[in-house]
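Chemist: Just to be clear, the model below is a prediction. Sequence and coordinates:
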Number of protein chains: 2
Amino acid sequence: MDTFEAIESRRAIKSFDPNYTIPKQEIDKILSAAILSPTSYNIQNWRFVIITNKETKAKLRAASWNQAQVTDASVVIVLCADLLAWKKDPARYWKNAPKATQDYLVPAIIEAYEGQDQFQRDEAIRSCGMAAQTIMLAAKAMNYDSCPMIGFIPEEVAKIINLPQDHIIPMMITIGKALKPANPRGGQLSLDEIVVEDHF
Amino acid sequence: MDTFEAIESRRAIKSFDPNYTIPKQEIDKILSAAILSPTSYNIQNWRFVIITNKETKAKLRAASWNQAQVTDASVVIVLCADLLAWKKDPARYWKNAPKATQDYLVPAIIEAYEGQDQFQRDEAIRSCGMAAQTIMLAAKAMNYDSCPMIGFIPEEVAKIINLPQDHIIPMMITIGKALKPANPRGGQLSLDEIVVEDHF
């Protein structure tokens, strides 16, 4: 599917066919696209928890204000991030680079994030935001639909997926076959209200 | 361009043709795509500052560790977010929805963000992350290249663009015609290292 068609036709879908299962190789195709999304210093701090198991989906739904898309969509991807990816063997993120680049970049990664709690969290959310849009557009291009979600209780989802202490959950995405199209867009702001030329 | 081709061929480009100017209507096409990106509760909290002016780009470059792409790329988009978009006439985000939906959602927006400083910041970065990937993929689909950037001094960029007190700058993106392709990817983690089945 053309990139602009995917961007224009992607909508947050709430009603999915509960009997439709996305084949595993198609989920892998979406994830293989997701990990081509950029991350700062190439730290690849996202971790994607793939949930297709009915029992786990039922628990997730209970932790998500009972939203039907959590059980009805074929798969729930819990987009997690490792807050400390920057210090877990960062040399691996640049192992194919020339030595001079490695010698410069690897210490720079540590220097950027060490002791910067807010910046570590920002990076987790920024990386997952970019990967989330890749996932939703890839799904759309494969004629699937998706729903990005923040409407869940993070502490409860963390328990369900046994989230490590040094990870957070920036969002979730459900993917499946839509049963009903989305409602018309709720109220789009115009470019004039969003875009600023040169300075505010 | 096919969506997967755009995802697979998008790379962070550092070397741009300083003599190439993207026509304004093409920048508008990219921005029109960007504002179709999802935001929680449809709060559309991104604000895109479009910088093509040479003097402003020179100032931005000085605030960005002298990185050449800031002046050499045709346009710099400073992705800002209004931390308080949720309380600035939120009824407008749902003005086309049925009244019952409006009556439910508009108070829910206020309730979700009121007094939640960290959540407001998270939302700013999440929205800009998703829009950033839309911008980079739209640019790629138009045969342009881009560079996502966090390597700048936020306080200095804020002064240059006269950023309102209640806004933040989650990232910047430069867009233009590449002069040199990106280096090979630095060190991709495999799906096995990134993807978790059901729970950690």
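Modeler: Thanks, I have it.
Chemist: only C-alpha atoms for contact and neighbour calcs from this point on.
Modeler: Fine.
Chemist: Which neighbouring elements make contact with the lengthiest strand in chain A?
Modeler: For chain A, the longest strand by residue count, based on DSSP state E, is strand A:167-176. Under the contact criterion of 3 or more CA pairs under 8 Å, 6 or more residues apart in numbering or on different chains; DSSP states H and E, strand A:167-176 touches strand A:75-82, helix A:117-141, strand A:145-149.
Chemist: quick check: angle from it to helix A:117-141?
Modeler: 10 degrees (axes from the mean of the first three to the mean of the last three CA atoms, to 10 degrees).
Chemist: Just after strand A:167-176, pick out the following helix or strand.
Modeler: Using DSSP states H and E, the helix or strand that follows strand A:167-176 in sequence is helix A:191-194.
Chemist: Can you give me the pLDDT of the most centrally placed residue in chain A?
Modeler: Closest to where the C-alpha atoms of chain A average out (CA atoms, centre = their mean) is A:Ala132, at 3.3 Å. Looking at A:Ala132, its pLDDT reads 99.
Chemist: ok, back up a step: neighbouring strands for the longest strand of chain A, and are they parallel or not?
Modeler: strand A:75-82 (antiparallel), strand A:145-149 (antiparallel) (DSSP bridges).
Chemist: Would you mind listing the outside residues contacting that strand?
Modeler: A:16-17, A:20-22, A:69-70, A:73-84, A:124-125, A:128-129, A:132, A:139, A:144-150, A:154, A:158, B:126 (CA atoms under 8 Å, 6 or more residues apart in numbering or on different chains).
Chemist: Can you report the mean pLDDT over the residues of that strand?
Modeler: 98.
Chemist: how far does it sit from the chain's center?
Modeler: Remark: strand A:167-176 is offset 6 Å from the chain centroid, using CA atoms, centre = their mean, to the nearest Å.
Chemist: if we can go back for a sec, list the contacts for the residue nearest to the centre of chain A?
Modeler: Going by CA under 8 Å, 6+ apart, A:Ala132 touches A:Ala34, A:Leu79, A:Pro148, A:Ile173, B:Met130.
Chemist: right, so of the strands paired with strand A:167-176, which gets closest to A:Ala91?
Modeler: Of all those, it is strand A:75-82 that lies closest to A:Ala91, at 16.3 Å by CA to CA.
Chemist: can you list the residues that contact that closest one?
Modeler: A:22, A:45-52, A:57, A:70, A:124-125, A:128, A:132, A:166-176.
Chemist: Check stretch A:29-48 too.
Modeler: The contact list for stretch A:29-48 (CA under 8 Å, 6+ apart) reads A:77-83, A:85-86, A:90, A:93-94, A:105, A:109, A:123-124, A:127-128, A:130-132, A:134-135, A:138-139, B:4, B:7-8, B:11-12, B:133, B:148-150, B:186, B:189, B:191, B:194-196.
Chemist: Mind doing that once more with 6 Å?
Modeler: With contact meaning CA atoms under 6 Å, 6 or more residues apart in numbering or on different chains, stretch A:29-48 is reached by A:78-82, A:85-86, A:127, A:131, A:134-135, A:138, B:194-196.
Chemist: One more: stretch A:9-25?
Modeler: A:Gln69, A:Asp72, A:Ala73, A:Ser74, A:Ser146, A:Cys147, A:Lys177, A:Ala178, A:Leu179, A:Lys180, A:Ala182.
Chemist: And those residues, which is closest to chain B?
Modeler: Closest to chain B out of the contacts of stretch A:9-25 is A:Cys147 (9.4 Å), distances taken as CA to the nearest CA.
Chemist: How about the closest one: which residues does it bridge to?
Modeler: Where A:Cys147 sits in a bridge, its partners, by DSSP bridges, are A:Thr174.
Chemist: For it, give its distance to A:Ile175.
Modeler: Look at A:Cys147 and A:Ile175: by CA to CA, to the nearest Å, they are 7 Å apart.
Chemist: The two: which has the busier surroundings?
Modeler: A:Ile175 (27 against 23; other CA atoms under 10 Å in any protein chain shown).
Chemist: nearest residue to that one other than its sequence neighbours?
Modeler: A:Ser146 (4.3 Å; CA to CA, 6 or more residues apart in numbering or on different chains).
Chemist: Near that neighbour, how many other residues are there?
Modeler: Neighbours of A:Ser146 using other CA under 10 Å come to 27.
Chemist: What are the buried residues along the host helix or strand of A:Ser32?
Modeler: Following DSSP H and E, one finds A:Ser32 within helix A:24-34. By neighbour count on 16 or more other CA atoms under 10 Å in any protein chain shown, the buried set for helix A:24-34 is A:Ile27, A:Ile30, A:Leu31, A:Ser32, A:Ala33, A:Ala34.
Chemist: Quick check: which ranges of chain A have low pLDDT?
Modeler: Within chain A, no range satisfies pLDDT under 70.
Chemist: Spell out the secondary structure type for the residue in it sticking out farthest from the centre.
Modeler: Here chain A reaches farthest from its C-alpha mean at A:Ala100, the gap being 32.5 Å by CA atoms, centre = their mean. Of the three states, A:Ala100 takes helix under DSSP: H, G, I helix; E, B strand; the rest coil.
Chemist: now it: how far from A:Val106?
Modeler: For A:Ala100, the distance to A:Val106 - CA to CA - is 10 Å.
Chemist: Overlap in contacts, the two.
Modeler: Joint contacts of A:Ala100 and A:Val106 (CA under 6 Å, 6+ apart) do not exist.
Chemist: Tell me which helix or strand A:Ser64 sits in.
Modeler: When elements are assigned from DSSP H and E, A:Ser64 belongs to no helix and no strand.
Chemist: Pretty sure it sits against A:Phe152.
Modeler: Yes: using CA atoms under 6 Å, A:Ser64 is in contact with A:Phe152, at 4.0 Å.
Chemist: Appreciated, that's everything.
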